[in-house]
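J.: give the three-dimensional model of this entry:
(one chain, ligands or ions: 1)
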Amino acid sequence: MTQTTTQAMTRTTTQAMTRTMVPTGQAALDAREISAWFGDRKVLDRVSLAMPAGSVTALIGPSGCGKSTFLRTLNRMHELIPSASLAGEVLLFGKDVYDPGVKLTDARREIGMVFQKPNPFPAMSIYDNVVAGLKLTGGRARRAEKDALVEECLGKAGLWVEVRDRLRQPGGALSGGQQQRLCIARSLAVRPRVLLMDEPCSALDPTSTRRIEQTIHELAHEVTIVIVTHNMQQAARVSQQCAFFLAEQGTPGVIVEAGDTKTIFEAPSDQRTADYVHGRFG
Ligand SMILES: Nc1ncnc2c1ncn2[C@@H]1O[C@H](COP(=O)(O)OP(=O)(O)OP(=O)(O)O)[C@@H](O)[C@H]1O
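T.: Numbering: from 1, shown residues only. Got it, this is the predicted structure:
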């Protein structure tokens with residue numbers, strides 16, 4: 001860890017509750033007491049969350065409460081920001097991704113990320129976009145293996161049927177929704193165990209959004225998914241677990257409440273959660 005907080009490490013009642021409320025299936029990712037800073041400014045305070053394997057966990061909460069920052073701590077992207085530091089542990093199937101023995105490239109390969117704005121390599125072909133990650137992570141494959149991988153990953157991302165006859169066309173020529181599915185296919189090509197998605201539909205129209213949601217649903221049984229979304233209907237549709245983040249009056253972000261999605265939406269235990277999911281603030 002790059003910074004050790006000197007503040008009291010007493011776990012709050014809320015945080016203790018958070019951990020016990022999360023379903024008991026094996027955690028693919030287990031974030032323990034994550035605090036994060038930009039310079040001197042603390043933006044997350046001892047956030048703990050177990051994200052069960054083979055399911056979708058949605059991170060919800062008002063703008064600026066630290067959802068994206070939390071997501072970036074999970075695959076070590078937070079440390080790319082020069083002023084950023086953090087404390088806590090992130091376990092991937094029990095192994096600390098911040099352990100000095102874990103290579104950064106391995107952590108990022110096992111925990112992939114899809115961003116808000118689709119970011120394929122625009123001049124690169126659809127085919128080459130899918131296999132691009134193999135080079136970045138040092139993987140090599142024969143032509144036939146790559147062909148099979150491209151078909152498999154585009155299939156899983158729900159794009160194969162639409163692009164199989166034009167794999168050599170540039171990725172940038174696809175629609176926004178298709179580009180986002182191409183980015184999902186690219187992430188899948190390095191066979192991640194977890195896929196982090198930071199508002200993956202916010203730049204898309206409703207039809208493309210539903211298509212991505214369907215893709216998320218189809219992928220979840222083999223890749224654990226953690227998604228940040230501002231869209232409460234989307235959180236309710238795609239996730240099995242939800243964590244509600246809040247940063248009140250300039251204080252660092254915390255998880256107010258986490259648990260199964262149905263409970264968070266229909267019978268949350270904290271009034272602030274109820275107010276947020278019912279659109280009364282944020
Ligand atoms: N690169 C950065 N440098 C400095 N401060 C940052 C940086 N990125 C985020 N922050 C600050 O950290 C806090 C948490 O931001 P973050 O983007 O994680 O929140 P969020 O809940 O994802 O917000 P949104 O829903 O608007 O995307 C905010 O106060 C933000 O201004």
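
J.: pretty sure residue 259 sits in a helix.
T.: No. Counting by DSSP: H, G, I helix; E, B strand; the rest coil, residue 259 falls outside a helix, being strand.

J.: sketch out the low-pLDDT regions of the protein for me.
T.: Applying pLDDT under 70 to the chain picks out residues 1-25, 136-139.

J.: switch the cut-off to 80
T.: 1-25, 135-141, 281-282 (pLDDT under 80).

J.: what about the most centrally placed residue in the chain, which SS state?
T.: Nearest residue to the geometric centre of the chain (C-alpha atoms, centre = their mean): residue 196, 2.0 Å. Here residue 196 is strand, with the state taken from three-state DSSP.

J.: any idea which element the residue nearest to residue 239 when sequence neighbours are not counted lies in?
T.: Excluding its sequence neighbours, the residue lying closest to residue 239 (C-beta to C-beta, 6 or more residues apart in numbering) is residue 58, at 3.7 Å. Placement of C-beta: from N, CA and C, glycine included. Using DSSP states H and E, residue 58 sits in strand 56-60.

J.: now do the helix or strand just after that strand: which elements does it pack against?
T.: Downstream of strand 56-60, the next assigned helix or strand under DSSP H and E is helix 67-74. With contacts taken as 3 or more C-beta pairs under 8 Å, 6 or more residues apart in numbering; DSSP states H and E, helix 67-74 sits against strand 27-38, strand 41-52, strand 56-60, strand 84-92, strand 194-198, strand 224-228.

J.: so which of those is the most packed in?
T.: Between the helices and strands packed on helix 67-74, strand 56-60 has the highest mean count of neighbours, a mean of 28, where neighbours are mean count of other C-beta atoms under 10 Å.

J.: could you confirm whether that strand reaches the ligand?
T.: No. Strand 56-60 stays out of contact with the ligand when judged by C-beta under 6 Å from any ligand atom, the minimum separation being 8.1 Å.

J.: so which elements touch that strand?
T.: helix 67-74, strand 224-228, helix 232-238, strand 241-246.

J.: roughly how far out does stretch 59-78 sit from the chain middle?
T.: Centroid displacement of stretch 59-78 relative to its chain, using C-alpha atoms, centre = their mean, to the nearest Å, is 9 Å.

J.: buried stuff in it?
T.: Using 16 or more other C-beta atoms under 10 Å as the test for burial, stretch 59-78 gives 59-62, 65-78.

J.: for that stretch, measure first residue to last.
T.: End-to-end distance for stretch 59-78: 17 Å, by C-alpha to C-alpha, to the nearest Å.

J.: contact partners for residue 276?
T.: 60, 61, 62, 244, 246, 282 (C-beta atoms under 8 Å, 6 or more residues apart in numbering).

J.: just the closest of those residues to residue 191, please.
T.: The shortest approach to residue 191 among these belongs to residue 60, at 28.4 Å (C-beta to C-beta).

J.: isn't the closest one right up against residue 279?
T.: No. The pair residue 60 / residue 279 is not scored as a contact, 11.8 Å apart, by C-beta atoms under 8 Å.

J.: now list whatever residues contact both of these two.
T.: The contact sets of residue 60 and residue 279 overlap at residue 232 (C-beta under 8 Å, 6+ apart).

J.: isn't the residue nearest to the centre of the chain up against residue 115?
T.: No. Residue 196 lies out of contact with residue 115 (C-beta under 8 Å); the separation is 9.3 Å.

J.: on that earlier part again, residues in contact with the residue nearest to the centre of the chain?
T.: 71, 74, 75, 111, 112, 113, 114, 225, 226, 227.

J.: measure the residue lying closest to residue 111 once chain neighbours are set aside to residue 119 for me?
T.: Ranked by C-beta to C-beta, 6+ apart and with sequence neighbours excluded, the top spatial neighbour of residue 111 is residue 75, at 3.7 Å. Relative to residue 119, residue 75 is positioned 16 Å away (C-beta to C-beta, to the nearest Å).

J.: how about residue 66?
T.: Distance from residue 66 to residue 119, by C-beta to C-beta: 23 Å.

J.: kind regards, and thank you for your time.
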